[in-house]
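Trainee: here's my sequence, what's the structure:
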Amino acid sequence: MTSYELVDGERRRVRVETCPESGRYEVEVNPSVALLIRSESAALTEGVPIGTRKREHLKFVLDGQSIDLTIGNGGLSRRSYRVKFDYEGREYLFVPVTDDESALAEGSAELARFSIDENGRVEPSWETSRPVTPAESAAGIVLAAALGCGALNGARAFIEALATGTGA
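Mentor: Sure, this is the predicted structure:
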């Protein structure tokens, strides 16, 4: 297990715990806690930190509430890496915006961008003009840590898949 701390856009202390081996990712931004857990029966997928993008093998809990995720399959387009969820009557979208960054948006408002540093730690960049709640902060960071950040654009992904023999 890896544990580290960072500070969110509202200068709150964030505790991050990741365990790719067991498929458990937890982020606490007091008083909120976001948890993403992979089922033991999931077939592991290389390149996905938590090991799978299959909705049926993931459990997302935010502040004690089980939240349904709509997860793209992660194909050739950045759009295929989208993750949607509803929380407290609001719709959120976690989506790649560059090769290395993903963003969390609520409706049409981008709240933050996330990347992963060379040590595998989430690096958030807070982009919003409105305050981000502890739950929004925790959700964005746990999705970034567990699912990774960014995605190649379609053409580049296709060329890389051909070059590495991973299929397109």
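Trainee: quick one: which helix or strand includes the most centrally placed residue in the chain?
Mentor: Centroid-nearest residue in the chain, with C-alpha atoms, centre = their mean: L143, separated by 2.1 Å. Using DSSP states H and E, L143 falls within helix 134-147.
Trainee: so how far is that helix from its chain's centroid?
Mentor: Distance of helix 134-147 from the chain centroid (C-alpha atoms, centre = their mean, to the nearest Å) equals 6 Å.
Trainee: ok, back up a step: confidence score at the closest residue to the residue nearest to the centre of the chain other than its chain neighbours?
Mentor: Excluding the flanking residues, the one nearest L143 by C-beta to C-beta, 6 or more residues apart in numbering is F94, at 4.6 Å. All C-beta atoms are positioned from the backbone trio N, CA, C, and that covers glycine. On pLDDT, F94 comes in at 95.
Trainee: okay, strands next: where are they in the protein?
Mentor: Remark: strands assigned in the chain by DSSP state E are 2-7, 13-19, 24-29, 32-38, 58-62, 65-67, 69-71, 83-87, 90-96, 102-106, 109-116, 122-126.
Trainee: average pLDDT for the first one?
Mentor: Read that as strand 2-7. Averaged over strand 2-7, pLDDT sits at 96.
Trainee: how far off strand 24-29 does that strand point, in degrees?
Mentor: Counting by axes from the mean of the first three to the mean of the last three C-alpha atoms, to 10 degrees, strand 2-7 lies at 30 degrees to strand 24-29.
Trainee: cool, the fourth one as well?
Mentor: Between the axes of strand 32-38 and strand 24-29, defined by the same axes, to 10 degrees, the angle is 170 degrees.
Trainee: cool, and the longest one?
Mentor: With the same axes, to 10 degrees as the criterion, the two stretches strand 109-116 and strand 24-29 enclose an angle of 130 degrees.
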